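S.K.: give me a 3D structure for the following:
(one chain, ligands or ions: 1)
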Amino acid sequence: MKLKESIESVRNSFRTDSDPFPTDKQSVESLRVKYLGRKGLVAGLFSSMKDASPKDRPMVGKLLNELKQEINSVFNSYKKITASQQSQYGESDYTLPGLKFPVGHIHPLQQTLEDIKSIFMNIGFSVAYGPEIDDDFHNFSALNFPPDHPARDMQDTFFIDPETVLRTHTSNVQIHLMEEQDPPLRYIVPGRVYRNEAISFKSYCLFHQVEGIYVDKHVSFADQKGILEYFVKRFFGPDTKMRFRPSFFPFTEPSAEVDIWSKKRGQWLEILGCGMVDPEVFNSVNYDPDVWHGFAFGMGIERICMLKYGIDDIRLFYQGDMRFLEQF
Ligand code: DAH
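M.R.: I've put the predicted structure just below:
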């Protein structure tokens, strides 16, 4: 029977033509047109079915359908292979689902710093930076630390040599700023600080602070109170209860610490230190303390980030653990 032979010969020629299967799109397409196109070989066979005797037609139809299926399935399986190769080798098939790239997260300390910066910049503070390695004068003496003050002790300070330290606070930049500029000035100073402390859930050998300094002719403790209250309410929320508690720092007089009330823990938690710039500090940078007044403050970024988000171990900030970081 002629038609049956023609079917076999198309099958054989397809097997030859498709092995190896062409690799470029154009050859795949011409192979497809040759066999499966509207005027292709398979369509030709279908149209010659009318020449078959009515008795043979069902059998011929079955053979033809099988051939068509065979050819289709070869094309389909190569389509799958090339699709996966394309995604590997970067050629684009726009019908494929897109590749997902992991998106990074802004580190919680950076987010906290950005929040602090934007609050203070809204009320006229500029941002300044200073050295992490500094001399004893800027880190201690000019800030009115007496020579035998315990903060200079080897236990707390990393000394590079007897005169040079890794700064223990960002307050050193107060001195640099006032040496470099005439008053008035209004800055916040973010940065890393270092302390030679035993590492635990609540202390680390380095951490971050934001310092603030505001010097002008008629700056009072009331100004400081207003500005810090504005900060606390914007950072922790408008209903935050806060208090100023008398304290001591060598470089401020009077000095205070600010606490916020934690409903969850039922206790006051310290968030920053502050005070009116001590006249001795003005003397060491040649500002006339009879003309200029100011206030300063300093807060630990880790500490207030931990309070805001309920983080209970400072070491989490430095371990790069994705399970922690992905939550921010
Ligand atoms: N330097 C202090 C510390 O490291 C924090 C501080 C307290 C900074 C009072 C200030 C201030 O500017 O006025 O603990």
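S.K.: specify the beta-bridge partners of the residue nearest to I160 when sequence neighbours are not counted.
M.R.: Distance criterion CB to CB, 6 or more residues apart in numbering; nearest residue to I160, sequence neighbours excluded, is I133 at 6.5 Å. The C-beta positions use only the backbone N, C-alpha and C, and glycine is treated the same way. In this entry, I133 is beta-bridged to L166, by DSSP bridges.
S.K.: list the contacts of D223.
M.R.: By CB atoms under 8 Å, 6 or more residues apart in numbering, D223 lies in contact with 214, 295.
S.K.: do T168 as well
M.R.: Counting by CB under 8 Å, 6+ apart, the residues that T168 touches are 139, 151, 156-157, 193-195.
S.K.: for it, give me the pLDDT.
M.R.: If you check T168, the pLDDT there is 96.
S.K.: and the helices in the stretch 101-250 of the chain, which stretches?
M.R.: Remark: helices assigned in the stretch 101-250 of the chain by DSSP state H, counting those that start in this stretch are 108-122, 136-139, 172-180, 221-236.
S.K.: make TSV out of the ones you listed and add mean pLDDT.
M.R.: Output for these, formatted as TSV (pLDDT from 0 to 100):
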stretch	mean pLDDT
helix 108-122	97
helix 136-139	96
helix 172-180	98
helix 221-236	97
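S.K.: what is the burial count for the residue in the stretch 51-200 of the chain that the ligand sits nearest to?
M.R.: Going by CB to the nearest ligand atom, the ligand is nearest to H169 of the stretch 51-200 of the chain, at 3.3 Å. H169: 22 surrounding residues under other CB atoms under 10 Å.
S.K.: now the nearest residue to V285 once chain neighbours are set aside: how far from I260?
M.R.: With CB to CB, 6+ apart as the criterion, V285 has its nearest non-adjacent residue at 3.9 Å, and that residue is M178. To I260, M178 is 30 Å away according to CB to CB, to the nearest Å.
S.K.: and for L3?
M.R.: For L3, the distance to I260 - CB to CB - is 91 Å.
S.K.: and if you look at Y94?
M.R.: 54 Å.
S.K.: more neighbours: which of these two?
M.R.: I260 (20 against 5).
S.K.: quick check: which ranges of the stretch 151-300 of the chain have low pLDDT?
M.R.: Residues of the stretch 151-300 of the chain meeting the criterion pLDDT under 70: 154-155.
S.K.: can you do 90?
M.R.: 151-156, 202, 263-265 (pLDDT under 90).
S.K.: what residues does it have near the ligand?
M.R.: Residues of the stretch 151-300 of the chain lying close to the ligand (CB under 6 Å from any ligand atom) are 169, 171, 211, 249, 252, 273-275, 296-298.
S.K.: what sits against Q174?
M.R.: Neighbours of Q174 in contact, by CB under 8 Å, 6+ apart: 143, 189, 211, 213, 251, 277, 281, 296.
S.K.: out of these, list just those in strands.
M.R.: 189, 211, 213, 277, 296 (DSSP state E).
S.K.: out of these, which end up buried?
M.R.: The neighbour count (16 or more other CB atoms under 10 Å) marks 189, 211, 213, 277, 296 as buried among the ones in strands among the contacts of Q174.
S.K.: show me which pair in those is furthest apart.
M.R.: Using CB to CB, those span at most 14.2 Å, a distance reached by V189 and V277.
S.K.: coming back round to it: closest one to Y309 out of the ones in strands among the contacts of Q174, please.
M.R.: Using CB to CB, those come closest to Y309 at E211, 22.4 Å.
S.K.: list the contacts for the residue of the stretch 51-200 of the chain closest to the ligand?
M.R.: 139, 193, 209, 211, 298.
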